[in-house]
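Chemist: Next come a sequence and a model predicted from it.
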Amino acid sequence: MSRPHPPLPDDARLQQLHAQSLQQLSPATLARLRAARHAPARPRRAHGWWLATACTAVVALGLGYSFTAHPPGAPPAPVMASAVDDSGGLLDENPDMYVWLGATDLAME
């Protein structure tokens, strides 16, 4: 059989504060708290979860049916590249651009 541990200093302080607070409560408030503590617990509403589950199942079935009723079509054919290579203009270099970049701090950003 194990011996109980001695109360911690914080526990003793909290128990003292609790006792002081109980002395400051009115008898009417203490009676209401006592009645609420001994009152039977309210029944839980389990039908809310069933309703959410049922709605989710209906939406999932509707989506599944819509995907099977209207399957997605074949992907469009890829666009063929033109026979003429007109990317030469993209590769032209302008030396003035490098001079401008060197004169500003934009190249360092």
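Modeler: Here it is on my side, so go on.
Chemist: Low-confidence regions, this protein specifically.
Modeler: Applying pLDDT under 70 to the chain flags residues 1-8, 45-46, 71-72, 74, 80-92, 106-109.
Chemist: so where do the helices sit in it?
Modeler: Using DSSP state H, the helices found in the chain span residues 9-24, 27-38, 47-69, 88-91, 95-103.
Chemist: Compare those and give me the one nearest residue 78.
Modeler: Each of those was checked against residue 78 via CB to CB, and the shortest separation belongs to helix 88-91, namely 21.5 Å. Glycine gets a C-beta too; all of them are placed from N, C-alpha and C.
Chemist: and residue 76, which of the helices of the chain is closest to it?
Modeler: Taking CB to CB as the measure, the helices of the chain were each checked against residue 76, and helix 47-69 came out nearest at 19.6 Å.
Chemist: Can you point out the buried residues in the closest one?
Modeler: The neighbour-count criterion (16 or more other CB atoms under 10 Å) identifies no buried residues in helix 47-69.
Chemist: how far is it from where the chain is centred?
Modeler: Taking the mean C-alpha point of helix 47-69 and that of its whole chain, the gap between them comes to 22 Å (CA atoms, centre = their mean, to the nearest Å).
Chemist: CA atoms of that helix as CSV?
Modeler: Below are the C-alpha coordinates for helix 47-69, written out as CSV (Å, rounded to 0.1, in the frame of the first residue of the first chain):
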residue,chain,number,x,y,z
HIS,A,47,-28.6,12.4,-34.3
GLY,A,48,-26.6,15.4,-35.4
TRP,A,49,-23.7,13.1,-36.4
TRP,A,50,-25.9,10.7,-38.2
LEU,A,51,-27.4,13.6,-40.2
ALA,A,52,-23.9,14.9,-41.2
THR,A,53,-22.8,11.4,-42.1
ALA,A,54,-25.9,10.8,-44.2
CYS,A,55,-25.5,14.1,-46.0
THR,A,56,-21.9,13.4,-46.8
ALA,A,57,-22.8,10.0,-48.2
VAL,A,58,-25.5,11.5,-50.4
VAL,A,59,-23.1,14.0,-51.8
ALA,A,60,-20.4,11.4,-52.4
LEU,A,61,-22.9,9.1,-54.2
GLY,A,62,-24.2,12.0,-56.3
LEU,A,63,-20.6,12.9,-57.4
GLY,A,64,-19.8,9.3,-58.1
TYR,A,65,-22.9,8.9,-60.2
SER,A,66,-22.2,12.2,-62.1
PHE,A,67,-18.6,10.9,-62.9
THR,A,68,-19.9,7.6,-64.2
ALA,A,69,-22.8,9.1,-66.2
